[in-house]
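A.B. asks: Quick one: sequence and predicted model below, then my questions.
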Amino acid sequence: DQPVRSCCSRCPLKVLLRQTTGLLLASCVSAAWVWAAHSAKQTLTRLHAPFFIIWFCGIWNLLFFPLYYLGHLLGSERREKCSRFLGDGDLTLRLVLKGAAPFSLLWSVSGYLHLLSLCRISISDSSAVLCCSHAFAFLLSWIGLKDRFMGVRIVAAILSITGIVMLAYADGFHSNSITGVALGVGSASTLAFYKVLFRKRVCEAGPGGVCVLLSCVGVCNLLLHSWLCVLLYLTHTEYWSPTQQSVPWSSLCTTAALLLLFNVLVNLGGVVSYPALISLGILLTIPANWYMSVTLVVSNVRGAAFGIISAGFLLLLLPEDWDERTLFYESLENFYSIHGGGRHAGRCVAK
């Protein structure tokens, strides 16, 4: 049975279908993030309460596991235990909070810093800096998880850092760009910690475990971070009230729904396609946001920064054995060229 499945996975038609699905999902990922970012910025102009916004969006993660469970009931009869990564024994509230609290903290801090950066820099710049989280995650994985050393990914990390520096000074030394980019780097770094912790604890749990984790993140947001929202409101740091008409509930719910859709596509898209193709959707947010931002002036420095960050991102998508594959295809090409030349020479001698 296993050889048959392996053969089917290498079937050209099935590979083409997965590639096509991946490109479609990448487009959906890009569209969802661009729309969510613009909706979030619009919400911030009417409601300057970034922590309340990210807290509200985080609660929507509660829908992850119910949606997955509904799809599982409709499409499969096999039962599975999805909370094994949280620990052995019964699933209790204490176990949920203990296992998901670090993820919830990193998720909220990353989103909060990202919203603060949106208040100071353009959506395109903020998205470009957030793309560098892949480079930071590689460095952390190399140090903490003892991943294989890859020179090409070190080059990608250097390119990402270079692009960040160029973005910081794209509008001069006396502008909000430096502060905004610094907040964006903080968001990307926190997201990188989230990815590394996710790989260490949940990577082998499968799509069901991922959905359980993200739903637990929503539970932690609701139970652990609500008091901080109230504290910020009581200290007049953030101004919001459910009874006020100034709260843009329509754009706030739109942002939360689009962010939920983005997370569903990114975390579950690998089931039907290749994760590298879906990751391209994150890179496509840079040109898509630039196209949507009619007020953004793309100078030579900013354009070069976008190009450098994009090049570093693409290098990070290379598989670990890319050098071995390249040498294999080169040797195969040389073999066929020599073999073809020999046959051609044989025909000439026969004549």
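C.D. replies: Received the coordinates, thanks. Numbers count the residues shown, from 1 in each chain.
A.B. asks: any idea how far Val271 is from Ser226?
C.D. replies: Separation of Ser226 from Val271 (Cβ to Cβ, to the nearest Å): 33 Å. Every C-beta, even on glycine, is put in place using the N, C-alpha and C of the backbone.
A.B. asks: go on, Leu277?
C.D. replies: 13 Å.
A.B. asks: which of the two has more neighbours?
C.D. replies: Leu277 (21 against 10; other Cβ atoms under 10 Å).
A.B. asks: For that one, which non-adjacent residue is spatially closest?
C.D. replies: Once flanking residues are discounted, Leu277 sits nearest to Gly22: 3.0 Å by Cβ to Cβ, 6 or more residues apart in numbering.
A.B. asks: is it true that the one you found touches Gly269?
C.D. replies: Yes - between Gly22 and Gly269 there is a contact under Cβ atoms under 8 Å: 7.5 Å.
A.B. asks: Quickly list what's touching both of those two.
C.D. replies: Ile278 (Cβ atoms under 8 Å, 6 or more residues apart in numbering).
A.B. asks: quick one on the thing from earlier: the strand or helix carrying the residue nearest to Leu277: how far from the chain's middle?
C.D. replies: Here Gly22, judged by DSSP states H and E, is contained in helix 12-46. Centroid separation for helix 12-46 versus its chain: 11 Å, with Cα atoms, centre = their mean, to the nearest Å.
A.B. asks: pLDDT (mean, whole number) over it?
C.D. replies: Helix 12-46 shows a mean pLDDT of 90.
A.B. asks: so where is this protein shaky, pLDDT-wise?
C.D. replies: 1-11, 75-90, 173-175, 203-205, 242-245, 294-298, 321-337, 339-351 (pLDDT under 70).
A.B. asks: mind giving me the domain ranges of it?
C.D. replies: According to automatic domain parsing, the chain comprises the domains 2-320, 321-351.
A.B. asks: Pick the most buried one from those domains.
C.D. replies: domain 2-320 (a mean of 18; mean count of other Cβ atoms under 10 Å).
A.B. asks: what about that domain, distance to the chain center?
C.D. replies: With Cα atoms, centre = their mean as the basis, the mean position of domain 2-320 lies at 4 Å from the chain mean.
A.B. asks: if I pick Val155, what's in contact with it?
C.D. replies: So Val155 contacts Gly312, Leu315 (Cβ under 8 Å, 6+ apart).
A.B. asks: which element is it on?
C.D. replies: helix 151-168.
A.B. asks: just the strands in the chain please.
C.D. replies: Assigned by DSSP state E, the strands in the chain number zero.
A.B. asks: which residues sit in contact with the nearest residue to Leu258 once chain neighbours are set aside?
C.D. replies: Nearest residue to Leu258, sequence neighbours excluded (Cβ to Cβ, 6+ apart): Ala36, at 3.7 Å. Residues near Ala36 by Cβ under 8 Å, 6+ apart: Thr254, Thr255, Leu258, Leu259, Phe262.
A.B. asks: how near is Ala305 to Ala311?
C.D. replies: 11 Å.
A.B. asks: Kindly apply the preceding question to Thr162 instead.
C.D. replies: Going from Thr162 to Ala311 by Cβ to Cβ gives 10 Å.
A.B. asks: what about stretch 239-251, start to end distance?
C.D. replies: With Cα to Cα, to the nearest Å as the measure, stretch 239-251 spans 17 Å from end to end.
A.B. asks: you'd agree Ala135 is up against Ala311?
C.D. replies: No - with contact defined as Cβ under 8 Å, Ala135 and Ala311 do not form a contacting pair (11.3 Å).
A.B. asks: residues shared between the contacts of these two?
C.D. replies: Jointly contacting Ala135 and Ala311 under the rule Cβ under 8 Å, 6+ apart are Ala156, Leu159.
A.B. asks: quick one: the helices in the stretch 151-300 of the chain?
C.D. replies: 151-168, 177-201, 206-224, 226-234, 249-268, 275-292, 300-316 (DSSP state H, counting those that start in this stretch).
A.B. asks: Mind giving me the packing neighbours of the fifth one?
C.D. replies: Right, helix 249-268. helix 12-46, helix 50-59, helix 64-75, helix 206-224, helix 275-292 (3 or more Cβ pairs under 8 Å, 6 or more residues apart in numbering; DSSP states H and E).
A.B. asks: who wins for proximity to Ser108 among those?
C.D. replies: Proximity to Ser108 (Cβ to Cβ) singles out helix 50-59 among the helices and strands packed on helix 249-268, at 5.8 Å.
A.B. asks: That closest one vs helix 226-234, what angle?
C.D. replies: Interaxial angle of helix 50-59 relative to helix 226-234 (axes from the mean of the first three to the mean of the last three Cα atoms, to 10 degrees): 150 degrees.
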